[in-house]
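A.B. asks: heads up, no residue letters with this:
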């Protein structure tokens, strides 16, 4: 069990966009948004645990530092991710493509992480109430 600030980000209305757009553009949009969000997470000392569909789960472990330091790093990452997504959306608008709306949430809590699954199919992931809560909080976000 570790204590960490969990960050969850998810694109809004992405299913509809993927149904109206060819697969190559969908993958390009996902990769571009993941680049902005994951880049911001890494820039401020966080770790991306996984990409979940059009979502990103990342953590900022507390470890030896104080929780407030981890929280500040996560908040700075969100600011950088928002700036990166704003630039991406400006680029998309210039190309006549729709903006990518998204939500992001943070939660400080305890979680279990590691390889979970079967002998022939393991997945490195995080589990626990804190992971569930950050996902629910993100669902409450509105662009």
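C.D. replies: Yep, that arrived. These numbers were taken from a predicted model, which means no experiment stands behind them.
A.B. asks: so what's residue 103 up against?
C.D. replies: Applying C-beta atoms under 8 Å, 6 or more residues apart in numbering, we find residue 103 in contact with 9, 10, 12, 138, 139, 141, 142, 143. Heads up, the C-betas are built off the backbone N, CA and C, glycines and all.
A.B. asks: Got a PyMOL select line for the buried ones in those residues?
C.D. replies: Entered in PyMOL, the line below selects the buried ones among those, by 16 or more other C-beta atoms under 10 Å:
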select buried, resi 9+10+12+138
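A.B. asks: Pick out the residue nearest the middle of this protein.
C.D. replies: Central residue of the chain (C-alpha atoms, centre = their mean): residue 56, 2.8 Å from the mean position.
A.B. asks: Identify the farthest-apart pair in the contacts of residue 103.
C.D. replies: For the contacts of residue 103, the maximum inter-member distance is 13.9 Å, found between 9 and 142 (C-beta to C-beta).
A.B. asks: returning to what we had before: tell me who's in contact with the residue nearest to the centre of the chain.
C.D. replies: Counted by C-beta under 8 Å, 6+ apart, residue 56 has contacts 7, 8, 9, 10, 34, 37, 38, 41, 48, 50.
A.B. asks: Pick out whichever of those residues sits closest to residue 71.
C.D. replies: Closest to residue 71 out of the contacts of residue 56 is residue 7 (10.7 Å), distances taken as C-beta to C-beta.
A.B. asks: and that closest one, bridged to which residues?
C.D. replies: Beta-bridge pairing for residue 7 (DSSP bridges): residue 58, residue 106.
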